[in-house]
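Undergrad: The following block contains a protein sequence and its predicted model.
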Amino acid sequence: MAKVPICDLPDVPKGQLPPHLQLQRTRVFCNSDAPTQTENIHYSGAYASMGVDNSLRFDHFRNNFKVVVNRLTEDDMEFDLIGIDASLANAIRRILIAELPTMAIEKVLIANNTSVVQDEVLAHRLGLIPIKADPRLFDYMSENDVPNEKNTIVFKLKVDCIRGSPRLTVKSEELKWLPQGSEFELATQDTSNSTSKPKTYTSFSCSQDSLPEFSNNSIGPKHPDIIVAKLGPGQGIELEAHAVKGMGKTHAKWSPVATAWYRMLPEVELKQEVEDEKAEELVKKCPVNVFDIEDIGKGKKRATVVRPRACTLCRECIRGEGWEDYVALRRVKDHFIFTIESAGALPPEVLFTEAVKILEDKCERVITELS
């Protein structure tokens with residue numbers, strides 16, 4: 001950006017910044033070669049000579065912070081975070097990906113696998129199947145804990161492809177929930193005494209579906225059509241899969257989101273009138289239809305900005321000689337368009353509120369340590 005001589009600065013009331021400095025403070029300039037003014041100015045005395053206090057004030061943050069939900073479905077959510085720093089938006093994103101717990105298959109007991117898929121690959125595929133179970137109803141399981149109805153979910157899968165029949169596709173819907181726990185007997189158990197109950201790998205003291213917190217929450221794979229393996233005639237799979245509670249920073253299978261991402265709000269401005277052939281050329285340059293043409297009478301046409309949020313900042317509209325004199329592309333530094341795509345364990349709006357709770361707990365721990 002060109003420097004403005006002090007003698008040419010307009011009269012600005014005390015306590016306010018000149019327009020060009022206010023833009024540098026609140027916008028990222030997207031030029032044809034590279035963005036500029038990308039850093040946030042955090043120093044409280046940066047504009048002290050102009051009578052402007054740049055310090056972070058809680059009352060100012062409270063009055064300006066907003067969350068505006070634009071789209072909400074069962075699996076995804078798009079909303080605007082207005083009035084926050086990029087570090088806070090990124091903290092929420094990282095918590096969503098790595099620190100919100102879910103239930104995922106961790107242990108696979110294979111009794112029979114004659115498919116072409118190796119045991120290790122089959123176990124890995126099962127671990128990546130999203131489980132529709134509220135993780136808030138379960139406890140974490142440590143190395144010394146015994147599997148029980150509060151920390152483990154057991155599924156069984158038993159599929160056979162009969163000889164002479166066509167190939168069979170095994171999908172995630174074949175995973176059946178065992179609310180009573182494991183049905184596989186321990187190999188070391190002495191079963192000579194027929195009156196004793198066989199000991200299994202996971203023994204529940206009560207059925208999970210009898211507990212109030214689970215009776216109204218059906219447990220199973222979120223998507224029934226995920227392909228696990230394909231069986232040829234005479235092949236079969238018999239196994240048990242045990243799901244436990246974990247976090248994405250341990251393994252990606254426990255991440256509750258398919259993706260969580262954000263982008264700064266695009267700002268598109270026409271510096272001067274773009275008319276007739278120039279307007280048609282500008283509309284054709286944009287691949288996402290940010291611009292449109294309006295009729296201003298007497299056979300004249302003018303380009304207008306109609307969908308600035310759709311702008312991907314590809315900068316095609318300012319590439320070419322002289323186009324930067326017509327179009328200005330910027331990003332708003334404290335306005336983020338946030339998108340959450342849930343993997344299925346929890347709705348996206350619940351994931352966001354849970355992430356904010358975790359961030360709040362982190363802040364409280366820091367304050368406690370400092371006091």
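TA: Nice, I can see it. Note that the coordinates shown come from a computational prediction; the quantities given were computed from them, not determined experimentally. Numbering: from 1, shown residues only.
Undergrad: chain center to the top strand by length along the chain, what's the gap?
TA: When the chain is scanned for its longest strand (criterion: DSSP state E), the result is strand 327-342. In terms of CA atoms, centre = their mean, to the nearest Å, the centre of strand 327-342 is set 15 Å apart from its chain centre.
Undergrad: Check stretch 244-256 too.
TA: 14 Å.
Undergrad: can you check stretch 23-30 too?
TA: Distance, centroid of stretch 23-30 to centroid of chain: 27 Å (CA atoms, centre = their mean).
Undergrad: Can you name the next helix or strand after the longest strand of the chain?
TA: helix 348-370 (DSSP states H and E).
Undergrad: mind exporting that next one as PDB, just the C-alpha atoms?
TA: What follows is helix 348-370, C-alpha atoms only, in PDB (Å, rounded to 0.1, in the frame of the first residue of the first chain):
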ATOM      1  CA  PRO A 348     -22.700 -30.600  14.800                       C
ATOM      2  CA  GLU A 349     -24.300 -28.000  17.100                       C
ATOM      3  CA  VAL A 350     -23.600 -30.300  20.100                       C
ATOM      4  CA  LEU A 351     -20.000 -30.700  18.900                       C
ATOM      5  CA  PHE A 352     -19.500 -26.900  18.900                       C
ATOM      6  CA  THR A 353     -20.900 -26.400  22.400                       C
ATOM      7  CA  GLU A 354     -18.800 -29.200  23.700                       C
ATOM      8  CA  ALA A 355     -15.700 -27.700  22.100                       C
ATOM      9  CA  VAL A 356     -16.500 -24.400  23.800                       C
ATOM     10  CA  LYS A 357     -16.800 -26.100  27.100                       C
ATOM     11  CA  ILE A 358     -13.400 -27.700  26.700                       C
ATOM     12  CA  LEU A 359     -11.900 -24.300  25.800                       C
ATOM     13  CA  GLU A 360     -13.500 -22.800  28.800                       C
ATOM     14  CA  ASP A 361     -12.000 -25.500  31.100                       C
ATOM     15  CA  LYS A 362      -8.500 -24.800  29.500                       C
ATOM     16  CA  CYS A 363      -8.900 -21.100  30.300                       C
ATOM     17  CA  GLU A 364      -9.900 -21.800  33.900                       C
ATOM     18  CA  ARG A 365      -6.900 -24.100  34.400                       C
ATOM     19  CA  VAL A 366      -4.600 -21.400  33.100                       C
ATOM     20  CA  ILE A 367      -6.200 -18.800  35.400                       C
ATOM     21  CA  THR A 368      -5.900 -21.200  38.400                       C
ATOM     22  CA  GLU A 369      -2.200 -21.800  37.700                       C
ATOM     23  CA  LEU A 370      -1.500 -18.100  37.400                       C
END
